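Participant: model the structure of this input:
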Amino acid sequence: MENNPSSSKSDRKMIERNRRNQMKALFSKLNSVVPHQSSREAISRPDLIDEGTNYIKSLQIKLEKMKEKRSNLLESKMSENASMSMGLKSPQFKIQQMGSVLEVVLVTGLDFQFMFNETIRVLQEEGSDVANASYTVIENEVFHTIHCQVGESANATLRISEKLKKFLYH
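Facilitator: Numbers count the residues shown, from 1 in each chain. As a prediction, the model looks like this:
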């Protein structure tokens, strides 16, 4: 093995040149991804590293805020779903006519009590005389039963049914 000083010197020069080229390429890459305050001026390498560091820190803060927002949205969605399972589902009704007596059964969640009042209003608008109204609460549902006097006409029942559908489902 020959100890040639010029060979080892040229090897070191080559290694150093490759290192500088690699550093230049890495700085160029960093420069392309970091947003600059003033894009017209050339930026020194230490300033580029500083801007890169600040940019990464700002992205980390932004990421944390987005994670927090996502978490809040998920919690909100979960509580909304829990509310839905606790009786906030859409109301349902059934109308049955037996001669001149009309029976309306309205099933709502606990937070839909106003629907009972609106159902009574619709029945009275159509000329029905409410004879009896009662309710029963089972878990998170309220079952309202309304008995009223209507004419023998099937049209009255149909009109009431259509008005209730329009009110409850639209």
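
Participant: where do the helices sit along the chain?
Facilitator: For the chain, applying DSSP state H gives helices covering 5-33, 45-85, 114-125, 154-169.

Participant: can you list the weak-confidence ranges in this structure?
Facilitator: Within the chain, the set of residues satisfying pLDDT under 70 comprises 1-5, 37-40, 77-89, 152-154, 169-170.

Participant: now the helices of the chain as CSV including distance to Pro91 and mean neighbour count?
Facilitator: C-beta here means a position set from N, CA and C on the backbone, and glycine is covered the same way. Listed next are these as CSV, based on distance: least, CB to CB, whole Å; neighbours: other CB atoms under 10 Å:
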stretch, distance to Pro91, mean neighbour count
helix 5-33, 55, 10
helix 45-85, 13, 11
helix 114-125, 5, 16
helix 154-169, 5, 15
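
Participant: how about those in CSV, adding distance to Gln97?
Facilitator: Below are the helices of the chain laid out as CSV (distance: least, CB to CB, whole Å):
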stretch, distance to Gln97
helix 5-33, 74
helix 45-85, 33
helix 114-125, 13
helix 154-169, 5
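
Participant: for Glu118, which non-adjacent residue is closest in space?
Facilitator: Phe167 (5.9 Å; CB to CB, 6 or more residues apart in numbering).

Participant: separation between that neighbour and Lys67?
Facilitator: As defined by CB to CB, to the nearest Å, Phe167 lies at a distance of 43 Å from Lys67.

Participant: ok so, going back, out of the helices of the chain, flag the one nearest Gly99.
Facilitator: Closest to Gly99 of these, according to CB to CB: helix 154-169, at 11.3 Å.

Participant: what's next to that closest one, contact-wise?
Facilitator: Applying CB atoms under 8 Å, 6 or more residues apart in numbering, the contact partners of helix 154-169 are 90-91, 93, 95, 97, 102, 104, 115, 118-119, 122-123, 125-128, 150.

Participant: quick one: contacts for the closest residue to Gly52 other than its chain neighbours?
Facilitator: Excluding its sequence neighbours, the residue lying closest to Gly52 (CB to CB, 6+ apart) is Val34, at 4.8 Å. Going by CB under 8 Å, 6+ apart, Val34 touches 48, 51-52, 55.

Participant: which of those residues sit farthest apart?
Facilitator: Using CB to CB, the pair of those lying farthest apart is Leu48 and Tyr55, separated by 10.3 Å.

Participant: Ile43: neighbour count?
Facilitator: Counted by other CB atoms under 10 Å, the residues lying close to Ile43 total 17.

Participant: I figured it hits His36, correct?
Facilitator: Yes - counting by CB atoms under 8 Å, Ile43 does reach His36; the two are 6.4 Å apart.

Participant: spit out the residues that contact those two alike.
Facilitator: Glu51.
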